[in-house]
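S.K.: how would this look folded up:
(chains A, B and C, ligands or ions: 5)
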Amino acid sequence: MSDTIKFTIDGKECTGKKGQLLVDAAAENGVYIPVLCHWKDVKPAGSCRICTVKVNNRYVTACTLPIDENCGDVENNTPELQDIRKAIVEMLFVEGNHFCPACEKSGDCDLQALGYKYQMMVPRFPYAFERRELDAKSPKIFLEKNRCIFCKRCIRMIKDEKGRSYFAFKGRGKHLEISMDEKLAANISDELAQEAMDICPVGAILKKEVGFINPIGKRKYDNEPIGSDIEKSK
Amino acid sequence: MEEKIKSIIKTSGNSPDRLMDILLSVQKEFRCVPEEAVSLIASALGISEADVNQTKTFYHFFSSKPVGKYAVYLNNAAVSGMMGMAEVADEFEKQAGIKFGETTPDGLISLDYTACIGMSDQEPAALINSVVFTELTREKVKEIVAGMKEGKTVESMVPEYGDGNNAHPLVKSMVKNNIRKAGPVCLGDYDAGKTLSKALSMNPKDVISEVQKSNLRGRGGAGFPTGLKWLFCSQESGERYVICNADEGEPGTFKDRVLLTERAKMIFEGMTIAGWAIGAKEGIVYLRYEYDYLLKFLNSILDEMREKNMLGKNIMGKGFDYDIRIQSGAGAYVCGEESALIESTEGKRGEPRNRPPFPTQSGYNEKPTIINNVETFCSAVKIVEKGGEWFSNMGTEESSGTKLLSISGDCKQPGVYEVEWGMTIKEMLDMVDATDVQAVQVAGPSGVCVPPSQFSRKIAIEDLATGGSMIVVGKQRDLIKDIVLNFMEFFEDESCGSCITCRSFNMILRRMVEKIVEGRGIKPDLDNMVQWGEIMRNTSRCGLGQTSANPVSTTISNFRELYESKVKDVDFQSDFDMKKAIIESCEAVGRPPVVHE
Amino acid sequence: MSKPIIATASLAGCFGCHMSLLDIDDRILKLIELVEFNKSPIDDIKTFTKQCDIGLIEGGCCNTENIEVLKEFRKHCKILISVGECAIMGGLPAMRNGIPVKECLDEAYLDGPTVGENKEKIMPNDEELPIITDKVYPLHEIVKVDYYLPGCPPSADLLWEALVALVTGKELEIPYELIKFD
Ligand SMILES: Cc1cc2nc3c(=O)[nH]c(=O)nc-3n(C[C@H](O)[C@H](O)[C@H](O)COP(=O)(O)O)c2cc1C
Ligand code: SF4
Ligand code: SF4
Ligand code: SF4
Ligand code: FES
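M.R.: Ligands and ions are numbered 1, 2, ... in the order given. Purely as a prediction, here's the structure:
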């Protein structure tokens, strides 16, 4: 049996390795499936749901699905799926408090970039305007809870040498909150703080004493939609 | 405090996967899990404090501030509401002199609400320090609170004991079984150990094929073929686990509670047979915290079975080693979802896992695991005893055997009924003596709200599937307010919050139902609710988010006229209320809240 | 055919969106040829003198006066457009949303680090002053809004393209670079 899997995405013929996650296989074939929580080679969280595609007419998240012979035909850019993704982006905007004009990550933010991609002019859902805190206790990091989208990247990836997590959830459901371990974060290294900021898809984790480094016009998503690099690669 | 906590950590097993037990013991000891405990636990287990808090803050019954010496948790599920919860709550507040969500200044009494505690046939019910009080009235509340003020023990305030094992010295509970109809499978005659001895003399493969022959499908709600699940797991290699799902969280379900009370041995026997069939050495029962009053009793049954060599080493001399332990939950509906249950059993927040892999491939401790409902294990015992064919001759083509129904709400005979699959709703209503029925909520909040025009439909996996919850809603009820709104509040509270869709849509849908109930709804709201619910169904990770729009979508489709009579037929209507918007700031500056329009 | 009439207003905004409108440079001459302005800070007409075709509003609603003006615009304009982040979602003023008004007022007038002498603990409370609302409201939560132009401020090009499309009835194709939330 061969390890190569053949499948199609919106009719385009693709190949990938058995067991590879659909989202990664798609990218290798030049197909962009939007992600917010996915990070290559890290155990999937499957929490943002933005990568929802249809495989053989069933909804699945592309970041959690290892491809195999049953993959068959994948739908990715159908109007229905685009609308679902737009709804998810809108939902994230109304759930948190996203004041882009005052955000250090603006222009480099994946959530915002998806808002641009799907031409979100105004969310269809009512704004929640819940009060959330900013945790500035760490000497190295601001944790701006207003902007967290609960992707769990920080929880999954930022650990100390003993494997302990700096970040964790608090509460559940609508009370869910990202939190930072006060004791561990007091001694976090510059490198790790930088890494935490870099992996955060939004402006929730910020390194202190830096910010607004890239001028407007030179930021990641100023001129080209998110995913363009993947789409241009093939 | 430090000594106490250290000893708790030691006795619970000093390991991160025992975190639930540690937190449960600390909560019991100190009536809360204080910061100091979090810090000690974190350093003992070698995890961060944030991680300990992650588990602690997930569960309803862990608190940061001490609950009262008498901690009252009144059930605020829909059926409780129908049976007069509001009055009971009012009386508690009056007698205790505090509101729900508060603790008396002397720390004596705290009042909180909690989701369905599995007593729907004897509501309104409450847990007080994990002792169950049922059929509460204003009078009873007065007595109870007076007892608290006199310093009586909670146990001594139980007025009388229920039937069967509810009166067992290790249970001593006022809960009633209300077994109204016993069938041949779960509630019929049962001879402990007989089937286990038969099974152990069979080849494990043959045990599985017998279960497959019976067409038994999971009784927890999803209806997956049990034999197939066991087969998949048996084909995996290495260590394997059996888990019994006794989380029974779906509001309106209480049949597992009756089985745990009256058929504990049968459940454990079923788990042991399953262990033999799939090649496991350990079984775990995940027991919801609401049933903590049964814990001692259940452990004593396990001890008894160990003594009789039905558990432990070399069971019945057949060379099979197998034992069972009980893992307590701490209040989270989502932990009934099998992968969330596993996470919880490993000491984590009960967040459902992504699939694949399925638990049969990678479950508890990442080992192949089967998870079945309490009733499924009981059924399996009878199947192995009497043969798959005997079982499959009962019920319908696709749903074989019998099903325990937990029937509650507006009927004269609420309780547990063991019936063959295939009964119609109408037949069921006659059986429980219900008249003037507006609707039947089948399968709990995540199920379907069935209108009278569909009462000829069958209770069967192929038609109206159910894990057993049947709530009868009389004509006198305000369906949208009493039922739909209550269900949406439930889902909003119980979402684990991992998926954006489930986390937010449940809140948004709840608000929209509220808006309609308050007469502020407009017609486009209805279509939006249906559409948004559909997005949540299609994109959420687990069954909770995939079904939690059902209260809204099934009632909008089956009772549209009710909604239409409440909403305005306009395209746009602002929800803005000028008076409300300015009252706070006028108060702050000392100005009369008058606007000239 | 008479020229379409435009009205504009700034509610709880910073006038940045209006500045952006002026930023269309020499195209403003073309705009004047295309449309007529009525109530607007641009021509300093303070009250509506006739029904308008298009109302452009920057800023959200943070007080009773904002709400009155907004409602008046809805009454007088066929098409109402939320211009900029503040109109669409409250913008920076909405950073106070979620915080009780009392806390905000105390911070501003009594306890905040920038408060000077206020021994009598006076809070502005004149009849003439509009009353602050409990939060800053996006326009579409108060009245029906027809279109949205995001940005802080929306770029001059976006405003220009949108207005021209609206006035000439052409399909609006917005290039990627023009939709920005900052
Ligand atoms: C939110 C949610 C809650 C659930 N609660 C329970 C429960 O309390 N008891 C139960 O047996 N199954 C429950 N289930 C179903 C389980 O995930 C699982 O399917 C079941 O335990 C499998 O056992 P069975 O095949 O014997 O039914 C729940 C599922 C979901 C999505
Ligand atoms: S995190 Fe992104 S979306 Fe949120 S405010 Fe910052 S730039 Fe905007
Ligand atoms: S802080 Fe950032 S990385 Fe962490 S969960 Fe929130 S959005 Fe994700
Ligand atoms: S659907 Fe809801 S309960 Fe299930 S994983 Fe997602 S957020 Fe959690
Ligand atoms: S990227 Fe797949 S769920 Fe987030």
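
S.K.: phi and psi next, for the closest residue to B:Ile425 other than its chain neighbours.
M.R.: Excluding the flanking residues, the one nearest B:Ile425 by C-beta to C-beta, 6 or more residues apart in numbering or on different chains is B:Phe455, at 4.3 Å. Every residue, glycine included, has its C-beta placed from N, CA and C. B:Phe455 has phi and psi values of phi -70, psi -10 when expressed as degrees, to the nearest 10.

S.K.: then A:Pro66?
M.R.: phi -70, psi 130.

S.K.: OK, contacts around the residue sitting furthest away from the middle of chain C?
M.R.: Using C-alpha atoms, centre = their mean, the residue of chain C lying farthest from its centre is C:Lys119. It sits 35.8 Å away. Counting by C-beta atoms under 8 Å, 6 or more residues apart in numbering or on different chains, C:Lys119 touches no other residue.

S.K.: three-state assignment of it?
M.R.: Secondary structure, DSSP: H, G, I helix; E, B strand; the rest coil: C:Lys119 is coil.

S.K.: tell me the spacing between C:Asp26 and C:Glu33.
M.R.: As judged by C-beta to C-beta, to the nearest Å, C:Asp26 and C:Glu33 stand 12 Å apart.

S.K.: now swap in B:Gly151 and tell me
M.R.: Counting by C-beta to C-beta, the gap between B:Gly151 and C:Glu33 amounts to 88 Å.

S.K.: pretty sure B:Glu248 contacts B:Arg288?
M.R.: Yes: between B:Glu248 and B:Arg288 a contact is recorded at 5.9 Å, counting by C-beta atoms under 8 Å.

S.K.: now the common contact residues for the two.
M.R.: Each of B:Gly118, B:Gly336 lies in contact with both B:Glu248 and B:Arg288 under the rule C-beta under 8 Å, 6+ apart.

S.K.: what's the closest non-adjacent residue to the residue in chain C that ligand 3 sits nearest to?
M.R.: Nearest residue of chain C to ligand 3 (C-beta to the nearest ligand atom) works out as C:Phe181 at 17.2 Å. In this structure, C:Phe181 finds its nearest non-sequential neighbour in A:Cys100, 3.8 Å apart by C-beta to C-beta, 6+ apart.

S.K.: which residues does the one you found contact?
M.R.: By C-beta under 8 Å, 6+ apart, the contact set of A:Cys100 is A:Ser106, A:Cys109, A:Gln112, C:Glu85, C:Cys152, C:Phe181, C:Asp182.

S.K.: try 7 Å this time
M.R.: A:Ser106, A:Gln112, C:Glu85, C:Cys152, C:Phe181, C:Asp182 (C-beta atoms under 7 Å, 6 or more residues apart in numbering or on different chains).

S.K.: rewinding a little: show the pLDDT at the residue farthest from the centre of chain C.
M.R.: Predicted confidence (pLDDT) for C:Lys119: 86.

S.K.: can you give me the strands in chain B?
M.R.: Using DSSP state E, the strands found in chain B span residues B:70-75, B:109-114, B:126-128, B:131-133, B:179-181, B:241-246, B:282-287, B:323-328, B:369-373, B:402-409, B:415-420, B:437-442, B:448-450, B:469-474.

S.K.: for those, which one sits closest to chain C?
M.R.: Chain C lies closest to strand B:109-114 among these, at 24.6 Å (C-beta to the nearest C-beta).

S.K.: and the residue nearest to B:Phe224 when sequence neighbours are not counted, its phi and psi?
M.R.: Among residues not flanking B:Phe224 along the chain, B:Gly218 sits closest, at 4.7 Å (C-beta to C-beta, 6+ apart). Main-chain torsions, B:Gly218, degrees, to the nearest 10: phi -50, psi 140.

S.K.: if we can go back for a sec, now the strands of chain B as TSV including distance to ligand 3, mean pLDDT and mean neighbour count?
M.R.: Below are the strands of chain B laid out as TSV (distance: least, C-beta to the nearest ligand atom, whole Å; pLDDT from 0 to 100; neighbours: other C-beta atoms under 10 Å in any protein chain shown):
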stretch	distance to ligand 3	mean pLDDT	mean neighbour count
strand B:70-75	31	98	24
strand B:109-114	29	98	22
strand B:126-128	34	98	25
strand B:131-133	39	98	23
strand B:179-181	48	98	17
strand B:241-246	30	98	27
strand B:282-287	28	98	23
strand B:323-328	28	98	18
strand B:369-373	28	98	28
strand B:402-409	39	98	28
strand B:415-420	44	98	22
strand B:437-442	36	98	25
strand B:448-450	36	98	24
strand B:469-474	35	98	25
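
S.K.: that's all I had, so thanks and see you.
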